[in-house]
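S.K.: got a sequence here, can you model it:
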Amino acid sequence: MGVCKLNHVRSGTFASAGFPGDTTPRSEVCAVSHGNSEVITVGNPASIVVPADVGSVKTARDWVGEMLGTWGRDAYVAKVVVSELVTNVVRHTDSETATVRLLLADRGIVVEVIDGCDAMPEARDVGVLSEDGRGLAMLGALVKDWGAQPVAGGGKVVWALLPEEDG
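M.R.: Next up, the predicted model:
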């Protein structure tokens, strides 16, 4: 993992953390209502803010599928990635919301999930009979690269660079 760039889009709500070496220009953003979630999108990047609850995992997964479909991209791996990352926000943080961002970057598609918890995720070794703890190892096997960075003002962004067939 390298150092991510952090660009504040709107104080206290959004941050853009490109993966190491990302040189993609950021476009303007605007807010649009989407059910009980706030969608920020003007082409690239696209974002949605969802409540940090179990129902939001499906909301985020469906939104990622819709967005990548409009970009003409396959969404299978992206949907698995966002499911894992939003589930981690729900299970391992006290965050009230999670922001999911999609970026069409110069090295491929990047999925970002931003939450209000400062604790960084860690892939861990688990026993063969353990019922959880394999998500980040699975994520690492599915994507080109992933990492996490603190966000100015608190919280973190966890990002994943999707493989070529998804990007």
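
S.K.: now the end-to-end length of stretch 143-162.
M.R.: 5 Å (Cα to Cα, to the nearest Å).

S.K.: would you map the helices across this structure?
M.R.: 55-70, 76-92, 135-142 (DSSP state H).

S.K.: identify whichever of those helices lies nearest to residue 48.
M.R.: Nearest to residue 48, of all those, is helix 55-70, at 5.0 Å by Cβ to Cβ. Placement of C-beta: from N, CA and C, glycine included.

S.K.: could I get the average pLDDT for stretch 158-167?
M.R.: Average pLDDT, stretch 158-167: 79.

S.K.: for stretch 95-115, that is, sorry about that
M.R.: pLDDT averaged over stretch 95-115 gives 92.

S.K.: of the helices of the chain, which stretch is the most buried?
M.R.: helix 76-92 (a mean of 21; mean count of other Cβ atoms under 10 Å).

S.K.: can you give me the angle it makes with helix 55-70?
M.R.: 160 degrees (axes from the mean of the first three to the mean of the last three Cα atoms, to 10 degrees).

S.K.: which elements pack onto helix 76-92?
M.R.: When contacts are defined as 3 or more Cβ pairs under 8 Å, 6 or more residues apart in numbering; DSSP states H and E, helix 76-92 sits against helix 55-70, strand 97-105, strand 108-115, helix 135-142, strand 156-161.

S.K.: can we see that at 6 Å?
M.R.: Helix 76-92 sits against helix 55-70, strand 97-105, strand 108-115, helix 135-142, with contacts defined as 3 or more Cβ pairs under 6 Å, 6 or more residues apart in numbering; DSSP states H and E.

S.K.: could the helices of the chain go into CSV alongside distance to residue 110 and mean pLDDT?
M.R.: Output for the helices of the chain, formatted as CSV (distance: least, Cβ to Cβ, whole Å; pLDDT from 0 to 100):
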stretch, distance to residue 110, mean pLDDT
helix 55-70, 12, 96
helix 76-92, 10, 95
helix 135-142, 13, 82
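
S.K.: would you turn these into JSON lines with distance to residue 161?
M.R.: Listed next are these as JSON lines, based on distance: least, Cβ to Cβ, whole Å:
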{"stretch": "helix 55-70", "distance to residue 161": "14"}
{"stretch": "helix 76-92", "distance to residue 161": "10"}
{"stretch": "helix 135-142", "distance to residue 161": "11"}
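
S.K.: nearest to residue 102 among those helices would be which one?
M.R.: It's helix 55-70; of the helices of the chain, that one is closest to residue 102 (Cβ to Cβ) at 5.4 Å.

S.K.: other residues contacting that closest one?
M.R.: The contact list for helix 55-70, computed with Cβ atoms under 6 Å, 6 or more residues apart in numbering, reads 46, 48, 50, 75, 78, 79, 82, 83, 86, 87, 100, 102.
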